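Student: Here is a sequence together with a model predicted from it:
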Amino acid sequence: MEDILHYIWKFRLFRKDLRTTNGQQIEVIDVGLSNTNEGPDFFNAKIKIDDKVWAGNVEIHTSSDEWTKHKHHTNKNYNSVILHIVEKANCEVFNEAGQSILQCEIAYPQSIKENYDFLIHSDTDIPCCNYIASMPSFHLNSWMRNLLIERMERKSNNIQLLLERFNNSWEEVFYALLSRNFGFGLNSDSFERLALSLPLRYLQKQGDNLVQIEALLFGQAGLLDDIKVSDDYFSLLKKEYEFLKNKYELKPLELHIFKNLRTRPTAFPQIRIAQLAALLHSSHGLFSKIIECTDIGRIRLMFHVNASEYWQTHYTFGQLSPKKSKYLGNSSLDIILINTVAPILFIYGKAINSEVHCDRALQFLELLKPEQNSITKSFSKLKMPLNNAADSQAIIQLKREYCELRKCLYCRIGHQLLIDKN
């Protein structure tokens with residue numbers, strides 16, 4: 001309940017005839033700056049009480065007794081509080097210096113609480129589903145742009161962790177991120193573990209030898225441990241891996257971490273690893289090329305690689321299949337560009353203070369087709385914009401970080417709904 005009081009105060013949705021609990025008239029000049037860290041809820045507020053202007057902080061609670069429950073009366077950080085906002089004033093409150101704190105029972109339209117309760121407690125996945133189509137396009141488009149930036153920032157946080165792990169080696173980070181996204185959801189964690197267990201420098205040392213690159217990747221993935229397989233290529237890879245494993249002191253992963261369940265043969269982890277091997281073999285210095293390239297079409301061609309000859313007639317080791325090329329499909333290429341190229345370009349731009357690179361990352365997303373998944377399909381039915389990957393990324397951010405967490409008060413759609421209804 002405290003959340004809605006913060007919201008009411010921040011956006012001035014309270015009734016104008018505010019008074020302190022002892023009858024003094026309140027005029028709110030400035031609500032202050034919202035504080036999400038330790039300390040009072042709003043900093044640097046400016047409030048006129050009767051004829052005197054006060055400058056200081058504001059604390060908000062559902063009821064007065066929470067001031068003491070939270071031990072604010074023993075904390076010097078709260079000595080600067082000039083007003084205690086509550087829904088119910090049930091006792092006096094004092095700061096650490098023993099001074100009485102003025103309190104105000106905040107008043108606001110009952111309909112706001114009713115709408116808030118509807119949004120927060122709705123059984124539907126998207127509580128505002130009946131309102132989105134009528135939301136002004138200006139507000140919606142502005143919010144979508146914000147959500148896209150939030151999505152990129154969230155991905156940036158994950159990349160930052162990799163940068164710290166790899167001592168700011170962008171090539172290593174790109175390799176780990178690229179490998180993860182070759183797992184395409186189902187095997188993403190497993191592919192990331194594979195990359196983290198196999199340093200890029202070892203692959204680079206075998207850069208001109210595709211067989212050895214495959215041997216390292218398949219061997220580290222534990223996919224060369226199957227004693228039931230006995231064909232020449234499998235035996236060759238196994239022999240190469242045993243030599244390289246000892247040379248680099250590698251420890252393979254467990255075979256069972258890679259999943260085939262309900263997966264099309266073209267998306268088997270064996271095929272994805274073969275495609276990743278082909279890409280690493282054919283594209284030396286891939287990260288540098290991407291950073292310098294301004295044409296998404298040219299970048300797309302860099303990823304248009306075919307798996308090695310063995311995999312033209314196999315989907316897994318030891319089982320022949322009709323000959324077929326094993327290029328990454330267009331939808332798979334889009335996923336790699338959306339989840340690998342755009343984020344790494346964006347955070348690289350932030351790291352070197354280059355708006356050009358950040359803008360290019362967003363422009364690339366605007367040139368790619370929107371993702372088709374359960375989230376985007378459900379929002380598309382509600383008339384949300386879905387023209388490109390920038391839109392689909394924004395919608396995914398909205399669903400995961402706002403709808404699923406019921407952060408309706410922090411969503412512009414939820415905010416607009418409350419405002420329009422009052």
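Tutor: Arrived safely.
Student: Okay, now the sheet partners of the top strand by length along the chain, with direction.
Tutor: Ranked by residue count and defined by DSSP state E, the top strand of the chain is strand 52-63. Strands flanking strand 52-63 in the sheet, each with its direction: strand 42-49 (antiparallel), strand 81-88 (parallel) (DSSP bridges).
Student: Now the last one: buried residues?
Tutor: Within strand 81-88, the residues scored as buried using 16 or more other CB atoms under 10 Å are V81, I82, L83, H84, I85, V86, E87. (Glycine included, C-beta is placed from N, CA and C.)
Student: picking up where we left off before, what does the longest strand of the chain rub up against?
Tutor: Counting contacts by CB atoms under 8 Å, 6 or more residues apart in numbering, the residues outside strand 52-63 that touch it are 1-2, 5-6, 9, 29, 31-32, 39-48, 67, 70, 72, 78, 80-90.
Student: Next SSE downstream of that strand?
Tutor: helix 66-69 (DSSP states H and E).
Student: That next one: how far from the chain's middle?
Tutor: In terms of CA atoms, centre = their mean, to the nearest Å, the gap separating the centre of helix 66-69 from the centre of its chain is 35 Å.
Student: packing partners for that helix?
Tutor: Helix 66-69 sits against no helix or strand, with contacts defined as 3 or more CB pairs under 8 Å, 6 or more residues apart in numbering; DSSP states H and E.
Student: pLDDT averaged over the helix or strand harbouring L140 - what is it?
Tutor: For L140, the host element (DSSP H and E) is helix 137-165. Throughout helix 137-165, pLDDT has a mean value of 92.
Student: on that earlier part again, wait, which of the buried residues of strand 81-88 is closest to Y410?
Tutor: When the buried residues of strand 81-88 are ranked by distance to Y410 (CB to CB), I85 comes first, at 19.0 Å.
Student: returning to that earlier point: chain center to the helix holding L140: distance?
Tutor: Mean C-alpha position of helix 137-165 versus that of the full chain (CA atoms, centre = their mean) differs by 7 Å.
Student: Next: stretch 94-110.
Tutor: On CA atoms, centre = their mean, the centre of stretch 94-110 falls 38 Å from the chain's centre.
Student: Residues in contact with that stretch: which ones?
Tutor: With CB under 8 Å, 6+ apart as the contact definition, stretch 94-110 has outside contacts at 5, 8-9, 13-15, 17-22, 24, 26, 49, 64, 67, 72-76, 78-79, 81-89, 92-93, 422.
Student: follow-up on the earlier one: which one of the strands paired with strand 52-63 lies nearest to A351?
Tutor: Closest among the strands paired with strand 52-63, using CB to CB: strand 42-49, at 30.2 Å.
Student: which parts of that closest one are buried?
Tutor: Buried residues in strand 42-49, counted by 16+ other CB under 10 Å: F42, A45, I47, I49.
Student: do the same with stretch 222-234
Tutor: Neighbour-count burial for stretch 222-234 flags G222, L223, L224, V229, Y233, F234 (criterion: 16+ other CB under 10 Å).
Student: Quick one: distance of that stretch to the chain centre.
Tutor: Its chain's average C-alpha position is 38 Å from that of stretch 222-234, according to CA atoms, centre = their mean.
Student: Residues touching it, excluding its own?
Tutor: Applying CB under 8 Å, 6+ apart, the set of residues contacting stretch 222-234 is 215, 218, 237-238, 241, 252-258, 269-270, 273, 310, 317-318.
Student: Give me the buried entries from those.
Tutor: Judged by neighbour count, with 16+ other CB under 10 Å as the criterion, the buried members of the contacts of stretch 222-234 are 215, 218, 237-238, 241, 252-253, 258, 269-270, 273, 310, 317.
Student: Check Q204 and give its pLDDT.
Tutor: The predicted structure lists Q204 with a pLDDT of 92.
Student: Also K421?
Tutor: The score at K421 is 54. That number is its pLDDT.
Student: how about T74, what does it touch?
Tutor: Remark: with contacts taken as CB under 8 Å, 6+ apart, T74 is in contact with E96.
Student: give the contact list for the residue positioned nearest the centre of the chain.
Tutor: For the chain, the residue sitting closest to the mean C-alpha position, by CA atoms, centre = their mean, is R154 at 3.8 Å. Contacts for R154 (CB under 8 Å, 6+ apart) come out as Q397, E401.
Student: swap the cut-off to 10 Å and go again
Tutor: Listed by CB atoms under 10 Å, 6 or more residues apart in numbering, the contact partners of R154 are P343, Q397, R400, E401.
Student: Mark which of those are part of strands, please.
Tutor: Counting by DSSP E, those contribute nothing to strands.
Student: Now that we have those, which of them are buried?
Tutor: With neighbours counted using 16+ other CB under 10 Å, the contacts of R154 contain these buried positions: P343, Q397, E401.
Student: can you count the residues close to the spatially closest residue to the first one that is not a sequence neighbour?
Tutor: For P343, ignoring the flanking residues on the chain, the nearest one in space by CB to CB, 6 or more residues apart in numbering is K155 at 4.1 Å. Here the count is done by other CB atoms under 10 Å, and K155 has 20 residues near it.
Student: does K155 really touch L345, like I thought?
Tutor: No. Taking contact to mean CB atoms under 10 Å, the distance of 11.0 Å between K155 and L345 leaves them out of contact.
Student: rewinding a little: give the next helix or strand downstream of the helix holding L140.
Tutor: Toward the C-terminal end, the helix or strand that comes next after helix 137-165 (DSSP H and E) is helix 170-181.
Student: gap between that next one and the chain center?
Tutor: Averaged C-alpha coordinates place helix 170-181 at 17 Å from its chain's average position (CA atoms, centre = their mean).
Student: what distance separates the following helix or strand past that helix from the centre of its chain?
Tutor: Toward the C-terminus, helix 170-181 is succeeded by helix 188-197 as the next helix or strand (DSSP H and E). Averaging C-alpha positions (CA atoms, centre = their mean) puts helix 188-197 19 Å from its chain's average.
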